[in-house]
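K.L.:
after the sequence you'll find the predicted model.
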Amino acid sequence: MRRIAGLLVAPLLLLSAVACGSDDKASDSASSKNGVPAITAGAEVGEKPTISKGEGDPPKELKTEVISEGDGAKLKNGDAIQVNYLGQSWDSDKPFDNSFDRKQPFDLTLGAGMVIQGWDKGLVGQKVGSRVELVIPPELGYGEQGQGDIKPNATLVFVVDILKATQIPATAKGTEVAQDNIDLPKVGVKTDGKAPTVTIPKGDPPKKLVSNYVLESDGEVVKESDSVVVNYVGLIWKGAKEFDNTYSTGKTQTFPLSQVTLKGLKTGLIDKKVGSRVLLVIPPDQAFGDQQQQAIPKNSTLVFAVDILAKV
């Protein structure tokens with residue numbers, strides 16, 4: 001089963017494509033410290049950094065240099081984290097991307113495979129509030145294929161500010177809400193961290209978006225400006241065929257709702273409470289419409305059972 005998470009939200013750096021290169025150039029200075037390129041301007045957490053070119057041959061192993069250590073909790077795999085970053089190639093004087101200019105921090109679940117391995121490996125154990133510099137060899141970056149402005153076999157250099165982190169629960173929990181409409185799918189209420197069962201009725205799907213609690217928590221209400229951490233299982237109404245399942249991979253998905261392109265998913269999660277399990281039935285005009293997407297036929301009604309685990 002192919003993952004469709006990339007179809008639900010606009011592409012983000014390190015997920016599927018690198019954004020357009022920045023016009024800012026780093027210093028041509030070859031100065032370095034502890035084997036990592038020096039930050040020649042903007043050294044403080046929160047400031048957009050300027051990084052010198054790498055000096056000589058890049059290290060063959062992943063390097064994590066703590067520029068400024070924060071006093072927050074240490075990051076663990078499974079944490080939902082928010083960062084600012086700037087990245088460039090070892091031998092380049094031009095950053096290929098940075099979040100500082102966009103004024104939009106980047107959200108991810110650490111260790112979930114949402115980013116290149118160098119990030120997942122290099123950020124574990126670092127403290128919230130820290131600024132770190134990562135030097136990432138090709139095999140932990142984009143390897144032989146490269147990506148966008150990044151050449152094949154490039155060693156990458158990132159300065160990363162770790163803004164915050166949230167521990168992610170294994171499952172939604174809350175008060176069971178009656179599922180008494182026989183014309184709608186029924187979602188299981190077990191809270192064992194496994195995918196809930198979803199039973200789709202034989203009749204025709206509803207024409208309008210359905211967004212109903214299955215388990216209602218007492219958590220904070222989700223706003224459009226939030227990034228959410230979710231587990232979900234997705235099915236096609238016709239034939240009840242499963243097309244995606246994050247539970248089976250053991251890896252949650254984190255995405256900013258403002259960048260969700262699947263209208264029914266975005267609308268259906270807004271105003272729901274963190275910690276809840278929600279049934280979404282999304283008609284074609286709020287899903288993929290008359291466009292086929294991978295295993296999803298055109299004009300399909302989609303069914304999601306979503307655990308809203310956290311917001312960041």
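P.N.:
Arrived safely, thanks for sending. Numbering: from 1, shown residues only.
K.L.:
mind listing what's buried along stretch 53-71?
P.N.:
53-54, 58, 62-65, 67, 70 (16 or more other C-beta atoms under 10 Å). To be clear about C-beta, it is placed using only N, CA and C from the backbone, and glycine gets the same treatment.
K.L.:
strands along the stretch 151-300 of the chain, start to end?
P.N.:
If DSSP state E, counting those that start in this stretch is used as the criterion, the strands of the stretch 151-300 of the chain fall at 156-166, 175-176, 186-187, 198-199, 210-216, 227-236, 241-245, 253-256, 277-282.
K.L.:
ranking those strands by burial, who's on top?
P.N.:
The highest mean neighbour count among the strands of the stretch 151-300 of the chain, using mean count of other C-beta atoms under 10 Å, belongs to strand 277-282: a mean of 26.
K.L.:
which stretches of the chain have low pLDDT?
P.N.:
1-33 (pLDDT under 70).
K.L.:
hang on, the earlier thing: out of the buried residues of stretch 53-71, which one sits closest to Ala154?
P.N.:
For these, the residue nearest Ala154 by C-beta to C-beta is Pro58; the value is 9.1 Å.
K.L.:
quick one: residues contacting the closest residue to Ile236 other than its chain neighbours.
P.N.:
Taking C-beta to C-beta, 6 or more residues apart in numbering as the measure, Ile236 lies nearest to Ser300, with 5.1 Å between them; neighbours along the chain are not counted. Contacts for Ser300 (C-beta atoms under 8 Å, 6 or more residues apart in numbering) come out as 236-238, 284, 287-288.
K.L.:
PyMOL command to pick out the buried ones of those?
P.N.:
Selection of buried members from those for PyMOL, criterion 16+ other C-beta under 10 Å:
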select buried, resi 236+237+284+287+288
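K.L.:
so which of the contacts of Ser300 comes closest to Asp149?
P.N.:
The nearest member of the contacts of Ser300 to Asp149, counting by C-beta to C-beta, is Phe288 at 29.8 Å.
K.L.:
please name the nearest non-neighbouring residue to Gln117.
P.N.:
Skipping the residues right next to it in sequence, Gln117 comes nearest to Leu140 by C-beta to C-beta, 6+ apart, at 4.3 Å.
K.L.:
doesn't Leu62 make contact with the one you found?
P.N.:
Yes: contact between Leu140 and Leu62 holds when scored by C-beta atoms under 8 Å: they sit 5.7 Å apart.
K.L.:
mutual contacts of the two, please.
P.N.:
Shared contacts of Leu140 and Leu62, counting by C-beta under 8 Å, 6+ apart, come down to 118, 121.
K.L.:
rewinding a little: any chance of TSV for the contacts of Ser300, columns distance to Leu265?
P.N.:
Putting the contacts of Ser300 into TSV (distance: C-beta to C-beta, whole Å) gives the following:
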residue	distance to Leu265
Ile236	15
Trp237	15
Lys238	19
Pro284	13
Ala287	8
Phe288	11
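K.L.:
contacting residues for Lys127?
P.N.:
If a contact means C-beta under 8 Å, 6+ apart, then Lys127 has 69-75, 162 as its contacts.
K.L.:
and for Val177?
P.N.:
Residues counted as contacts of Val177 (C-beta under 8 Å, 6+ apart) are 212-216.
K.L.:
farthest pair within these?
P.N.:
Of all pairs in the contacts of Val177, the most separated under C-beta to C-beta is Asn212 and Leu215 at 10.8 Å.
K.L.:
all the helices of this protein, in order from the start?
P.N.:
Secondary structure of the chain by DSSP state H: the helices cover 5-8, 117-123, 263-269.
K.L.:
please name whichever of these is nearest to Val189.
P.N.:
The minimum distance between Val189 and the helices of the chain falls on helix 263-269, with 18.7 Å, by C-beta to C-beta.
K.L.:
quick one on the thing from earlier: let me know the closest of the contacts of Lys127 to Phe243.
P.N.:
Ranked by distance to Phe243 (C-beta to C-beta), the contacts of Lys127 are led by Leu75 at 31.7 Å.
K.L.:
who's in contact with the closest one?
P.N.:
With contacts defined as C-beta under 8 Å, 6+ apart, Leu75 is in contact with 81, 110, 123-128, 162, 165.
K.L.:
whichever of the residues you listed end up buried, select them in ChimeraX.
P.N.:
Selection command for ChimeraX covering only the buried members of the contacts of Leu75, criterion 16+ other C-beta under 10 Å:
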select :81,110,123,126,127,128,162,165
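K.L.:
tell me the one of the contacts of Leu75 nearest Thr199?
P.N.:
Ranked by distance to Thr199 (C-beta to C-beta), the contacts of Leu75 are led by Leu110 at 34.2 Å.
K.L.:
ok, and the closest non-adjacent residue to that closest one?
P.N.:
Once flanking residues are discounted, Leu110 sits nearest to Asp79: 5.0 Å by C-beta to C-beta, 6+ apart.
K.L.:
measure that neighbour to Thr166 for me?
P.N.:
Computed with C-beta to C-beta, to the nearest Å, the distance linking Asp79 and Thr166 is 7 Å.
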